[in-house]
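Fold the following.
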Amino acid sequence: MYIEDVIGTQPFVKERSLPDPRESASRQSMSARPESEVSLADACAGGEIGAFEQLYHLHGARMKSVAWNLLGNETDAEDAVQEAFLKAFRGRGNFQGQASLATWLHRIVVNTCLDARRRAKRHPEDEAIEPETPDALHPSTGTPHHSLRMALEKSMAQLGVKQRTAFVLYEVEGFSHAEIAAMLEISEAASKNRLFEAKRELRELLKRR
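Residues are numbered from 1 along each chain as shown. The predicted model follows:
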């Protein structure tokens, strides 16, 4: 098993029971704005609870997967998703429609996770955010063996926040650079650069291990 087999161009880990988004060519881009979404956005802006329930049904599982892989355990991930939806409801008037509802929601949950990690750093006496089991990041086909996966998880924890986030969103969750750029409010070039830096550092960290 070579390091390049772990850090390649294809996603190597994914959430349990959730489909790999790159496996389906028919997966709708988060930047798409179908007429049904416009109606749903209008309902959300009007504060209709049913509309937010529909949003949760559509995007909740994916948001939890993102949160899980950024925070490292299921409990924190669930809390982050709940907090994100509460923020979305309270800030529904801030949705201007430049991006899709999915992009808007994922931007909120990513920021919520980053805030949680910053709080954990300010309070080191609290329980650290670490994967709760060796399978916190779930392997896809062609999984590296157990020890290498564990080394990878520990190495990922050493990455800078920007690099880790880009790596998780692209390699683990399968978002495109355009989607990541919209979520993080950066350029696509910046997204690609952060991913490149993350892979470069991970290679070095794994070689040392």
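
Need the pLDDT of Arg107.
With respect to pLDDT, Arg107 has a value of 93.

Apart from its chain neighbours, what residue comes closest to it?
Excluding the flanking residues, the one nearest Arg107 by Cβ to Cβ, 6 or more residues apart in numbering is Met183, at 4.6 Å. Glycine gets a C-beta too; all of them are placed from N, C-alpha and C.

residues in contact with that neighbour?
103, 106-107, 110, 169, 175 (Cβ atoms under 8 Å, 6 or more residues apart in numbering).

please redo it, this time with the cut-off set to 6 Å
103, 106-107, 110 (Cβ atoms under 6 Å, 6 or more residues apart in numbering).

Grab the two from the residues you listed that are most spread out in space.
Thr103 and Val110 (10.4 Å; Cβ to Cβ).

Helices along the protein, start to end?
Along the chain, counting by DSSP state H, helices occupy 3-6, 35-45, 49-71, 74-90, 101-122, 146-156, 161-167, 177-184, 188-208.

one step back: out of the contacts of Met183, the closest to Arg164 would be?
Out of the contacts of Met183, the member with the shortest distance to Arg164 (by Cβ to Cβ) is Val110, at 11.3 Å.

count of neighbours near the closest one?
By other Cβ atoms under 10 Å, 22 other residues sit near Val110.
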